[in-house]
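> Below are the sequence and a predicted model for it; my questions follow.
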Amino acid sequence: MKRTEQGPAHYEVELRQADHQNERIGTIWRPIRRVRPGGTMAPLTFGSLPAAQAHVECLSPKEARVVAVEHGGWRRVVDAKET
(Lines give C-alpha, C1' and ligand atoms only; values in the text may rest on other atoms or scores of the structure.)
Protein backbone atom coordinates (compact mmCIF):
# COMPACT_ATOMS: atom_id res chain seq x y z
CA MET A 1 0.00 0.00 0.00
CA LYS A 2 1.37 3.42 -0.94
CA ARG A 3 1.19 6.07 1.75
CA THR A 4 0.12 9.52 0.57
CA GLU A 5 0.82 12.73 2.40
CA GLN A 6 -2.21 14.14 4.11
CA GLY A 7 -2.77 17.86 4.43
CA PRO A 8 -3.28 19.57 7.76
CA ALA A 9 -6.53 19.11 9.66
CA HIS A 10 -7.06 22.88 9.79
CA TYR A 11 -5.33 26.23 10.11
CA GLU A 12 -5.33 28.64 13.04
CA VAL A 13 -4.23 32.25 13.43
CA GLU A 14 -2.05 33.12 16.41
CA LEU A 15 -1.42 36.58 17.85
CA ARG A 16 1.89 37.67 19.28
CA GLN A 17 1.68 38.77 22.91
CA ALA A 18 4.52 40.10 25.03
CA ASP A 19 5.49 38.03 28.02
CA HIS A 20 4.35 40.22 30.90
CA GLN A 21 6.91 38.79 33.31
CA ASN A 22 9.91 39.73 31.21
CA GLU A 23 9.22 41.46 27.90
CA ARG A 24 12.89 41.42 26.89
CA ILE A 25 13.42 37.66 26.68
CA GLY A 26 10.64 36.66 24.33
CA THR A 27 7.07 36.57 23.23
CA ILE A 28 4.19 34.19 23.50
CA TRP A 29 2.02 33.19 20.54
CA ARG A 30 -1.60 32.40 21.40
CA PRO A 31 -4.38 31.25 19.06
CA ILE A 32 -7.34 33.54 18.51
CA ARG A 33 -10.26 32.07 20.45
CA ARG A 34 -13.98 32.47 19.93
CA VAL A 35 -16.89 31.77 22.24
CA ARG A 36 -19.08 28.92 21.04
CA PRO A 37 -22.86 28.87 21.53
CA GLY A 38 -22.51 26.70 24.65
CA GLY A 39 -20.21 29.27 26.26
CA THR A 40 -17.01 27.29 25.74
CA MET A 41 -13.88 28.82 24.24
CA ALA A 42 -12.36 27.24 21.13
CA PRO A 43 -9.65 28.31 18.67
CA LEU A 44 -10.83 30.04 15.53
CA THR A 45 -10.14 27.51 12.77
CA PHE A 46 -9.96 27.81 8.99
CA GLY A 47 -10.39 25.04 6.43
CA SER A 48 -7.98 26.53 3.91
CA LEU A 49 -4.71 28.44 3.95
CA PRO A 50 -6.02 31.38 1.84
CA ALA A 51 -8.90 31.92 4.30
CA ALA A 52 -6.49 32.04 7.26
CA GLN A 53 -4.14 34.39 5.42
CA ALA A 54 -7.05 36.70 4.53
CA HIS A 55 -7.96 36.90 8.21
CA VAL A 56 -4.37 37.81 9.11
CA GLU A 57 -4.45 40.63 6.56
CA CYS A 58 -7.56 42.10 8.24
CA LEU A 59 -5.87 42.35 11.64
CA SER A 60 -4.55 45.80 12.43
CA PRO A 61 -1.51 45.02 14.61
CA LYS A 62 0.02 42.77 11.91
CA GLU A 63 1.65 40.67 14.61
CA ALA A 64 -0.06 37.45 13.66
CA ARG A 65 0.95 34.19 12.04
CA VAL A 66 -0.79 31.23 10.44
CA VAL A 67 -0.27 27.80 12.02
CA ALA A 68 -1.12 24.49 10.34
CA VAL A 69 -2.54 21.98 12.83
CA GLU A 70 -1.92 18.40 11.74
CA HIS A 71 -4.32 15.52 12.38
CA GLY A 72 -2.25 14.28 15.33
CA GLY A 73 -2.29 17.71 16.98
CA TRP A 74 1.22 18.70 15.89
CA ARG A 75 1.49 22.41 15.02
CA ARG A 76 3.81 24.15 12.58
CA VAL A 77 4.11 27.73 11.37
CA VAL A 78 3.19 28.22 7.72
CA ASP A 79 5.97 29.98 5.83
CA ALA A 80 5.97 31.97 2.60
CA LYS A 81 6.92 29.03 0.33
CA GLU A 82 3.64 27.23 1.15
CA THR A 83 1.49 29.99 -0.31
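Arrived safely, thanks for sending.

> quick one, longest strand in this protein?
strand 10-18 (DSSP state E).

> Can you give the strand pairings for that one, parallel or anti for each?
strand 27-31 (antiparallel), strand 45-46 (antiparallel), strand 64-69 (antiparallel) (DSSP bridges).

> Looking at those, spot the one closest to Val13.
strand 64-69 (5.5 Å; CB to CB). Just so you know, the C-beta spots here come from the backbone N, C-alpha and C atoms, and that holds for glycine as well.

> Packing partners of the following helix or strand past the closest one?
Sequence-wise, the next helix or strand downstream of strand 64-69 (DSSP states H and E) is strand 75-77. Strand 75-77 is packed against strand 64-69, with contacts defined by 3 or more CB pairs under 8 Å, 6 or more residues apart in numbering; DSSP states H and E.

> mind running it again at 10 Å?
strand 10-18, strand 27-31, strand 64-69 (3 or more CB pairs under 10 Å, 6 or more residues apart in numbering; DSSP states H and E).

> Please produce JSON lines containing the ones you listed, extended by mean neighbour count and mean pLDDT.
Output for the helices and strands packed on strand 75-77, formatted as JSON lines (neighbours: other CB atoms under 10 Å; pLDDT from 0 to 100):
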{"stretch": "strand 10-18", "mean neighbour count": "17", "mean pLDDT": "87"}
{"stretch": "strand 27-31", "mean neighbour count": "13", "mean pLDDT": "85"}
{"stretch": "strand 64-69", "mean neighbour count": "18", "mean pLDDT": "92"}
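
> of all those, which lies closest to Ser48?
strand 10-18 (7.2 Å).

> picking that back up, who wins for proximity to Arg76 among the helices and strands packed on strand 75-77?
strand 64-69 (5.4 Å).

> ok so, going back, same list, the helices and strands packed on strand 75-77, but as a markdown table with distance to Gly38 please.
Output for the helices and strands packed on strand 75-77, formatted as a markdown table (distance: least, CB to CB, whole Å):
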| stretch | distance to Gly38 |
| --- | --- |
| strand 10-18 | 20 |
| strand 27-31 | 19 |
| strand 64-69 | 22 |
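
> To His55, which of those strands lies closest?
strand 10-18 (5.5 Å).
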